[in-house]
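Chemist: Okay, here's the prediction I keep looking at, along with the sequence it came from:
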Amino acid sequence: PPARLHGDLWSGNVMCDENGAPCLIDPATYRGHREVDLAMMRLFGGFPPRTFSAYDEAFPYSAGHSERVGLYQLYPLLVHVNLFGETYLASVESALSRLL
């Protein structure tokens, strides 16, 4: 089922409050597949492996999840090419080669 997505969930958009609880900032929310935010979290790193295993324990990944990660990472990579230039082209090419 569709989920409410953060839309730009990378480590720079996660802060902690005074009690150490995580808080999400700078959302670009929309409705979509929950794996999109998880793929973005993996794209640039910064999240410990326990984050993903805890998520899987609470709400198990759908069959084929690992095959879709690259697909969900392609759009943010293309946005980065558009915003920041050719330095991201190699990442786009790598993502495409894994998909094809």
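Modeler: Everything's here; your move.
Chemist: And the residue sitting nearest the centre point of the chain, how far from residue 76?
Modeler: Taking CA atoms, centre = their mean, the centroid of the chain lies closest to residue 40, which sits 1.3 Å from it. To residue 76, residue 40 is 6 Å away according to CB to CB, to the nearest Å. All C-beta atoms are positioned from the backbone trio N, CA, C, and that covers glycine.
Chemist: re earlier: how about the secondary structure of the residue nearest to the centre of the chain?
Modeler: helix (DSSP: H, G, I helix; E, B strand; the rest coil).
Chemist: what separates residue 60 from residue 47, distance-wise?
Modeler: To residue 47, residue 60 is 18 Å away according to CB to CB.
Chemist: Of the two, which one has the most company?
Modeler: Per other CB atoms under 10 Å, whichever of residue 60 and residue 47 has more neighbours is residue 47, with 16 against 9.
Chemist: which residues of this structure fall in strands?
Modeler: With strands called from DSSP state E, the chain shows them at 3-5, 14-16, 22-24, 30-32.
Chemist: okay, these, which one's buried deepest?
Modeler: Mean neighbour count, computed with mean count of other CB atoms under 10 Å, is highest for strand 3-5 among those, reaching a mean of 15.
Chemist: Pull the distance from that one to the chain's centre.
Modeler: Mean-position distance between strand 3-5 and its chain equals 12 Å (CA atoms, centre = their mean, to the nearest Å).
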